[in-house]
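Visitor: Provided below for reference: sequence and predicted model.
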Amino acid sequence: MGLRNRKSLLEERLFFVTTTCKDWIPIFTEEIYFDIIYASFDFYNKKYNASLVGYVIMPNHIHFIIYFTEENKLSVYIRDFKKYTAGEIRRLKDFEKENELINNLRHERREQKFKIWQDRFDDVYLFNRNTLITKLNYIHNNIVKKS
């Protein structure tokens, strides 16, 4: 995954991040999937010396604010986070059984058969307190409405 102009931000440490499920498919609908996300955050925060300031898990995407206490490793953090969570979600889902969700997650490319996450992620460098508070309020007020 390319850095998409992130090379100019390697010294920065505080980011608002959004990562999205493939085709905006609502995957995070059961508590077991939240547990996978929580465990992954916990593990990679320790591995990459990072802390979460705030987060929200929506059915088809995640927003979070992350602070790196040492070196900014955002790209590798996200790469590893997505790889681990995708593997755990695939392990829990019955991918041998045909259903609409499984069919929507099919992605036959090279050795990959299913895809959980979009390839890219969005990040915003939080350069001052006001920007941080704006994004933190956005996370806290991001309400899921049932249709």
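Guide: Done, it's in.
Visitor: quick one: residue 46 and residue 123, what's the gap?
Guide: Distance of residue 46 to residue 123, given as CB to CB, to the nearest Å: 21 Å. Just so you know, the C-beta spots here come from the backbone N, C-alpha and C atoms, and that holds for glycine as well.
Visitor: looking at the two, which is more packed in?
Guide: Neighbours per residue, other CB atoms under 10 Å: of residue 46 and residue 123, the larger number sits with residue 123, 19 against 10.
Visitor: isn't that one right up against residue 16?
Guide: Yes. Judged on CB atoms under 8 Å, residue 123 makes contact with residue 16 at a distance of 6.7 Å.
Visitor: the helices in this protein, which residues?
Guide: Using DSSP state H, the helices of the chain run over 31-47, 74-92, 100-105, 129-140.
Visitor: weakest of these in terms of mean pLDDT?
Guide: For those, mean pLDDT drops lowest on helix 100-105, to a mean of 63.
Visitor: contacts only, for the spatially most central residue of the chain.
Guide: The C-alpha lying nearest the average C-alpha coordinate of the chain belongs to residue 19 (CA atoms, centre = their mean; 4.2 Å). With contacts defined as CB atoms under 8 Å, 6 or more residues apart in numbering, residue 19 is in contact with 61-62, 78, 81-82, 117-118, 121-122.
Visitor: widest-spaced pair of the residues you listed?
Guide: 81 and 122 (14.3 Å; CB to CB).
Visitor: looking at those two, which is more packed in?
Guide: It is residue 81, of residue 81 and residue 122, that has more neighbours when counted by other CB under 10 Å, with 24 against 14.
Visitor: quick one on the thing from earlier: partners of the residue nearest to the centre of the chain in the sheet?
Guide: Counting by DSSP bridges, residue 19 forms beta bridges with residue 62, residue 121.
Visitor: run a quick neighbour tally on the residue nearest to residue 73 when sequence neighbours are not counted.
Guide: Using CB to CB, 6 or more residues apart in numbering and skipping residues adjacent in sequence, the residue nearest residue 73 is residue 48, 4.5 Å away. Residues near residue 48, counting by other CB under 10 Å, number 19.
Visitor: now swap in residue 73 and tell me
Guide: For residue 73, the neighbour count with other CB under 10 Å is 19.
Visitor: who's in contact with the residue lying closest to residue 27 once chain neighbours are set aside?
Guide: Closest residue to residue 27 in three dimensions, ignoring its sequence neighbours and counting by CB to CB, 6+ apart: residue 21, at 5.0 Å. Contact partners of residue 21, counting by CB under 8 Å, 6+ apart, are 27-28, 60-61, 116-118.
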